[in-house]
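> for reference, the sequence and a predicted model appear below.
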Amino acid sequence: MAATHQNRESLPLISDANQCVYTSCYCEENIWKLCEHISTTRPEELCHCYAAFISNDQRMVPLWMQKARRAPDQPVIWDYHVLFIHKPTEGSPQVYDLDTVLPLPTSFSTYMSEAIQEEYSIRPEFHRYLTSGKGGHLYF
């Protein structure tokens, strides 16, 4: 029985963006709906899920690898952005960002290096803050 639980846990929560409710430029509602979906399809995993809110004092948050980008190497400047992160008991954390061109899900380390990028490479006014809330207790 334990092996079955581990195998199910290692599966992506969502592997096709078409399984998700999605509205462009409404990341918080999209993540709320994703949490809602997980609560009905994989409720045992919800305690391993987080919503991450990214912003800064200037409300100018650069993110790369976004669908809304004008050019492949250019960031999109959001006022804020919300991600869904799954950290299973076994394995690496996975990011679910419905606005990215990266695969769904994407490993946390890949998302950080390709979409978030290093703080030292951007101007100080674009430095970001990240806050998270656990999946079973998310309020937007």
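Looks like it arrived, so ask away.
> list the buried ones in the longest helix along the chain?
Longest helix in the chain, counting residues (DSSP state H): helix 27-41. Within helix 27-41, the residues scored as buried using 16 or more other CB atoms under 10 Å are 27, 30-35, 38. Any C-beta I mention is one placed from the backbone N, CA and C, and that applies to glycine too.
> and it, what does it pack onto?
When contacts are defined as 3 or more CB pairs under 8 Å, 6 or more residues apart in numbering; DSSP states H and E, helix 27-41 sits against strand 49-55, strand 81-86.
> okay, the angle between that helix and strand 81-86?
Helix 27-41 runs at 20 degrees relative to strand 81-86, counting by axes from the mean of the first three to the mean of the last three CA atoms, to 10 degrees.
> now do helix 27-41 and strand 49-55, the angle between them.
For helix 27-41 against strand 49-55, the angle by the same axes, to 10 degrees is 180 degrees.
> alright, I will stop here.
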